[in-house]
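Participant: Have a look; sequence and predicted model below, questions after that.
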Amino acid sequence: MIRVGIFGANGRMGRVLIEATNNADNLTLGGAAVRADSAWVGMDVGELAGIGKQGLAVSGDPESLVDDVDVIIDFTLPAALETNLAWCVANNKPIVIGTTGLNQAHKIALNKAAQHIPVVFAANYSIGVNLLLNLVRQAARVMGESADIEIVETHHRYKKDAPSGTAMALGEFIADELQRDLQQCAVYGREGDTGERNQQTIGFATVRAGDVVGDHTVIFADIGERLELTHKASSRLTFAKGAVRAAEWLVNRPAGLYSMQDVLDLAWQ
């Protein structure tokens, strides 16, 4: 059995990751860590996740996980990323990262760590979203030179980053296919007299409301027709199951930076 360690076990995703690991056939939960000053230290991981006692206590010290885990799953905050990567490199542990809102420095740290250990990083671990990434590439290839492209995403009121990491990944896949620089062609919201739309831009619209887990729609709108590709997530367990699948796939891989496209063998040809 592959032993999984979870960082940020008390977070919304951390709790669901405990459940998803518990439900997996070939994996077992080897350890779960939170900040040393967290009130959850010492609590049974199963009680934390709402799935009943598992006989494993939440730890406030990641060092306690070293001998008990084969792979780490990290859905914490950007501020913790570099520390968590350094721990995995020092202890030769593969890591699956689902943290969003990363800046350029974080991405550099990912690449540096991947020189020493296998790393999976994805903006979204849903199977459907990763298929959507391939579909929008195909749509961009066929319609992108004439259609106006807009990305609309909706998430719960508690989400801190905008646009979502998934929305940005969709934009990057489209821009890459069209050989455009997303940093130059992205438009984030509109207000006032903006003038006519520049067809070369990729628009982003963000909605934050209620308890929406995650909705993403990519619109390819031409004169006389439009194509809309939509994915809607109704449970965080969807993302957790994908991350657990990535953790199982990652063990024993050579050092390198992988994506969920690699895990699912969806690499674009």
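Facilitator: Yep, it's here. Numbers count the residues shown, from 1 in each chain.
Participant: mind saving the C-alpha coords of stretch 228-238 as PDB?
Facilitator: C-alpha atoms of stretch 228-238 as PDB (Å, rounded to 0.1, in the frame of the first residue of the first chain):
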ATOM      1  CA  GLU A 228     -19.600  27.200 -25.100                       C
ATOM      2  CA  LEU A 229     -17.700  24.600 -23.200                       C
ATOM      3  CA  THR A 230     -18.700  24.300 -19.500                       C
ATOM      4  CA  HIS A 231     -17.600  22.200 -16.500                       C
ATOM      5  CA  LYS A 232     -19.400  22.300 -13.200                       C
ATOM      6  CA  ALA A 233     -18.100  20.800 -10.000                       C
ATOM      7  CA  SER A 234     -20.600  19.900  -7.300                       C
ATOM      8  CA  SER A 235     -18.300  18.300  -4.700                       C
ATOM      9  CA  ARG A 236     -14.700  18.900  -3.600                       C
ATOM     10  CA  LEU A 237     -14.400  15.200  -3.500                       C
ATOM     11  CA  THR A 238     -14.000  15.400  -7.300                       C
END
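Participant: Which residues outside it are in contact with it?
Facilitator: Contacts with stretch 228-238, where a contact means Cβ atoms under 8 Å, 6 or more residues apart in numbering, come from 12-13, 16, 19-20, 126-129, 132, 135-136, 139, 213-220, 239. Placement of C-beta: from N, CA and C, glycine included.
Participant: Likewise for stretch 88-98?
Facilitator: 5, 13, 66, 69-75, 81, 84-85, 87, 110, 113, 116-122, 125, 239, 243, 246-247, 250-251, 253.
Participant: if you skip the residues just before and after it, what's nearest to V89?
Facilitator: H116 (4.9 Å; Cβ to Cβ, 6 or more residues apart in numbering).
Participant: which strands and helices sit next to the worst-scoring helix or strand of the chain on mean pLDDT?
Facilitator: Among the helices and strands of the chain, helix 45-49 carries the lowest confidence by mean pLDDT, DSSP states H and E, at a mean of 90. When contacts are defined as 3 or more Cβ pairs under 8 Å, 6 or more residues apart in numbering; DSSP states H and E, helix 45-49 sits against helix 12-23, strand 27-33.
Participant: Out of these, the one nearest A167 is which?
Facilitator: helix 12-23 (17.8 Å; Cβ to Cβ).
Participant: Any buried residues in that closest one, and which?
Facilitator: Neighbour counts over helix 12-23 (16 or more other Cβ atoms under 10 Å) mark M13, G14, R15, V16, L17, I18, E19, A20, T21, N22 as buried.
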